[in-house]
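**Student:** quick check, what structure comes out for this input:
(one chain, ligands or ions: 1)
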Amino acid sequence: MPLSTECRTAVGKRMGIADALKLTAKQRRELKCVKCGQRVSPHRESGSGRQSAHFEHLPGDGGPQPELSIERS
Ligand SMILES: [Zn+2]
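**Tutor:** Have a look, this model is predicted:
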């Protein structure tokens, strides 16, 4: 499965992994998968470059959940 290098922000804009890695921890909590809408977190390149930077779904967020963050504006 190809690694995800793109996410969606709280306002629905797409963001690449390079930009997401510059965000604060608080901002990162709003990132979501472009495909399924679950929360994701950005991971830096690791393993001496064997694994490139990418997004991973957050553990424990494996199912449909109420949109708690959508009411802010
Ligand atoms: Zn997903």
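**Student:** now do the SS call for the residue most central in space within the chain.
**Tutor:** In the chain, the centroid-proximal residue (Cα atoms, centre = their mean) is Val40; its distance is 3.2 Å. Of the three states, Val40 takes strand under DSSP: H, G, I helix; E, B strand; the rest coil.
**Student:** what pairs with it across the strands?
**Tutor:** His57 (DSSP bridges).
**Student:** cool, Gln51 as well?
**Tutor:** Judged by DSSP bridges, the bridge partners of Gln51 are Ser46.
**Student:** check which helix or strand the most far-flung residue of the chain relative to its centre maps to.
**Tutor:** With distances taken as Cα atoms, centre = their mean, the residue sitting farthest from the centre of the chain turns out to be Ser48, at 22.0 Å. In this assignment (DSSP states H and E), Ser48 forms part of neither any helix nor any strand.
**Student:** any idea how far the ion is from it?
**Tutor:** Between Ser48 and the ion the distance is 27 Å, computed by Cβ to the ion, to the nearest Å. To be clear about C-beta, it is placed using only N, CA and C from the backbone, and glycine gets the same treatment.
**Student:** tell me the confidence at that residue?
**Tutor:** The predicted local distance difference test score for Ser48 is 83.
**Student:** cool, Glu67 as well?
**Tutor:** pLDDT, read off for Glu67, is 52.
**Student:** same check on Gln51?
**Tutor:** 88.
**Student:** for Arg44, give me its contacts.
**Tutor:** When the contact criterion is Cβ atoms under 8 Å, 6 or more residues apart in numbering, the partners of Arg44 are Leu21, Ala53.
**Student:** tell me how far it lies from the ion.
**Tutor:** According to Cβ to the ion, Arg44 stands 20 Å off from the ion.
**Student:** just to revisit the earlier point, which residues touch the residue nearest to the centre of the chain?
**Tutor:** Ser4, Cys7, Leu31, Lys32, Cys33, Phe55, Glu56, His57, Leu58.
**Student:** check which helix or strand the closest residue in space to the first one that isn't next to it in sequence maps to.
**Tutor:** Okay, so that is Ser4. Distances taken as Cβ to Cβ, 6 or more residues apart in numbering place Phe55 nearest to Ser4, at 4.4 Å, with adjacent residues excluded. Here Phe55, judged by DSSP H and E, is contained in strand 54-57.
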